[in-house]
Structure formats: structure tokens, C-alpha cells
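[1] Here is a sequence with its predicted model. Questions after.
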Amino acid sequence: MPATVNDLRGLHDLHRRAKAIRDRLESGPKTLAARQRGLEKRRQALEEAREALKHRKADVHRQEMQVQSQRTRVDDLRVKLNAVKKNEEYKAIMSEIAMINNTIAHQEDAILELMQGVETSAAELAAQEAEAARFAGEVEALRVDVETKAEGQRAQLKELEGAIAESESVVPEEDRERYRRTVRGQGDDAFAGVDSHTRACDGCNQVITIQAVSELMNAEHLVYCKTCGRIMYLVED
Ligand SMILES: [Zn+2]
């Protein structure tokens with residue numbers, strides 16, 4: 001439980017801690033969302049690869065069917081050959097058979113090449129699937145981690161906000177309205193320490209007047225940096 005503080009420096013520190021937790025609460029889900037988009041892209045790529053493989057396989061099948069039908073045609077021609085009487089007719093059929101066989105040979109070469117392509121694609125797809133599964137596991141682990149941490153962070157933030165509210169008593173009452181407005185807009189950046197020796201505002205590095213330093217020492221009301229507008233407090237080394 002963060003303790004209630006009794007000076008502006010402590011109040012600034014509480015605001016800083018709250019800011020750090022808010023940042024973490026924001027960045028976790030952002031990282032997760034980015035990974036989830038990445039996973040979605042991989043899944044789409046997988047789907048495309050699966051489709052492409054299906055088409056390659058269908059192509060092989062189609063060409064095999066063509067070869068099959070050409071073989072049937074050759075068988076028919078051979079039957080016909082037994083029945084021909086004329087020499088010219090015999091020659092014509094023989095040359096057609098030779099032509100078809102030639103086509104078949106070419107097509108078989110092409111099919112072999114296609115089948116090698118199918119094999120390569122299938123191996124690539126399997127590797128891609130394994131990689132996507134591994135990545136999905138990582139994303140899921142991250143999701144659980146982000147959600148688990150967020151629970152603790154929200155609880156911490158609530159405690160800090162409670163401590164901040166209680167510590168507001170260090171702000172003189174008539175200044176509280178303006179203080180609240182300033183921190184609402186700027187959060188932890190609403191404050192700046194001032195080195196008591198160099199008199200430099202650590203928000204903007206400008207040196208403040210001796211008058212302002214003595215106002216800070218009196219601490220009767222909030223003192224704002226004339227250059228950057230931050231609520232100042234003195235820091236002793
Ligand atoms: Zn300043």
C-alpha cells in the first residue's frame with residue numbers, strides 16, 4: 001500500500017508511479033494486439049498456401065486424367081489397326097499412335113515436375129503450419145500474461161490513486177482547484193523539482209528567481225514555473 005505523503009515531492013512521486021502503471025496498462029494490450037494481427041496475417045498466408053497446394057494437386061490429377069484418356073485412345077487405335085486392310089490406312093493410324101505417344105511422354109515429364117512441386121509445397125506448408133502453431137502459442141501465453149498482470153496493475157493503480165487523493169492535503173486549499181486541473185491535463189508532468197543551489201527548474205531548465213525560491217520555501221501556496229507552468233517544489237541535494 002503506497003503511503004500518504006506530506007510534501008509536493010512525494011506527491012509528484014506518487015503521480016509518477018501512477019503514470020508508469022498506466023503506461024504499462026496501455027502498452028501490454030497494444031503489444032498483444034500487434035502480435036494478434038501478426039498471427040492473423042500468418043493464418044491468412046497459411047490459408048493461401050493450402051489453396052495453392054490444392055490447385056497444384058488438382059492440376060496433377062487433371063493431367064493424369066488426360067494421359068489416361070490418351071492411352072485409351074491409343075488402345076482403341078491398336079484395335080482398329082488389326083482390322084485395317086489398306087496400307088495407307090495402317091500407316092496413318094501408326095503415325096497417329098506415335099504422335100499420341102509422344103504427347104503422352106511429354107505430359108508425363110510435365111506431371112513428374114508438377115509432382116515434385118507438390119512435394120516441395122507440402123513440405124513448406126508443413127513447416128509454415130508448425131511455425132504458425134508455435135507463434136499462436138506465444139501469443140496465447142502473452143495474452144494470459146498481459147491479463148494477469150493487468151489485474152495486479154489495476155489494483156496497484158487504485159491504491160496509488162487513493163494515496164494521491166489523501167496526499168492532496170499538502171496542496172493549500174485555495175490552490176487545489178488549479179492543482180487538480182493541472183494534473184488532469186499533464187499527469188506527473190505537472191510537477192518540476194527545483195535544485196535549491198542552481199535554482200534550475202528541472203522541467204524546462206530555466207533558472208527561477210530568488211523571489212520564487214523564497215515563495216517555495218514559505219510554501220504558503222503553490223508556485224508555478226513562469227516558463228513551463230509546472231508546479232514547482234524545492235529539491236535539496
Ligand atoms: Zn519550468
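    Cool, got the structure.
[2] Please count neighbours and contacts with C-alpha atoms only from this point.
    OK.
[3] What confidence value was assigned to residue 6?
    Looking at residue 6, its pLDDT is 86.
[4] Now do the same contact list for the residue nearest to it when sequence neighbours are not counted.
    Counting by CA to CA, 6 or more residues apart in numbering, residue 6 lies nearest to residue 170, which is 5.7 Å off, once chain neighbours are set aside. Applying CA atoms under 8 Å, 6 or more residues apart in numbering to residue 170 gives the contacts 6-8.
[5] May I ask which of those has the most neighbours?
    residue 8 (23 neighbours; other CA atoms under 10 Å).
[6] ok, now which ones touch that one?
    170-171, 233.
[7] One more: residue 160?
    Residue 160 neighbours (CA under 8 Å, 6+ apart): 1-2, 14, 17-18.
[8] repeat that for 10 Å
    1-4, 14-19, 21, 154, 166 (CA atoms under 10 Å, 6 or more residues apart in numbering).
[9] Can you give me the pLDDT of it?
    So residue 160 comes in at 96 (pLDDT).
[10] do residue 237 as well
    67.
[11] now the residue most central in space within the chain: how far from the ion?
    Nearest to the mean C-alpha position of the chain, counting by CA atoms, centre = their mean, stands residue 34 at 1.8 Å. Noted for residue 34: a distance of 37 Å to the ion, by CA to the ion, to the nearest Å.
[12] Tell me which helix or strand that residue sits in.
    helix 8-83 (DSSP states H and E).
[13] remind me which residues of this structure are low pLDDT?
    Along the chain, the model assigns pLDDT under 70 to residues 1, 237.
[14] what's the longest helix in it?
    Longest helix of the chain, by residue count under DSSP state H: helix 87-167.
[15] After it, heading C-terminal, what element do we hit next?
    Criterion used, DSSP H and E; the element after helix 87-167 is helix 176-186.
[16] for that following helix, packing partners?
    strand 191-195, strand 231-235 (3 or more CA pairs under 10 Å, 6 or more residues apart in numbering; DSSP states H and E).
[17] Just tell me which of those strands ends up closest to the ion.
    strand 191-195 (6.8 Å; CA to the ion).
[18] Need the residues that contact the closest one.
    For strand 191-195, using CA under 10 Å, 6+ apart, the contacting residues are 8-9, 11-13, 15-16, 179, 182-183, 199-208, 213, 216, 224-225, 228-237.
[19] Then stretch 214-229?
    7-8, 170-176, 178-179, 182, 190-192, 194, 196, 201, 203-213, 230-234.
[20] what separates that stretch from the chain centre, distance-wise?
    Computed by CA atoms, centre = their mean, to the nearest Å, the chain-centroid distance of stretch 214-229 equals 45 Å.
[21] May I see the buried residues of it?
    Of all the residues in stretch 214-229, those buried under the rule 16 or more other CA atoms under 10 Å are 216, 219, 222-225.
[22] Pull the most distant pair out of these.
    Greatest spacing in the buried residues of stretch 214-229, by CA to CA: 219 and 225 (14.2 Å).
[23] domain assignment for this protein?
    For the chain, the structural domains run 8-170, 173-235, going by automatic domain parsing.
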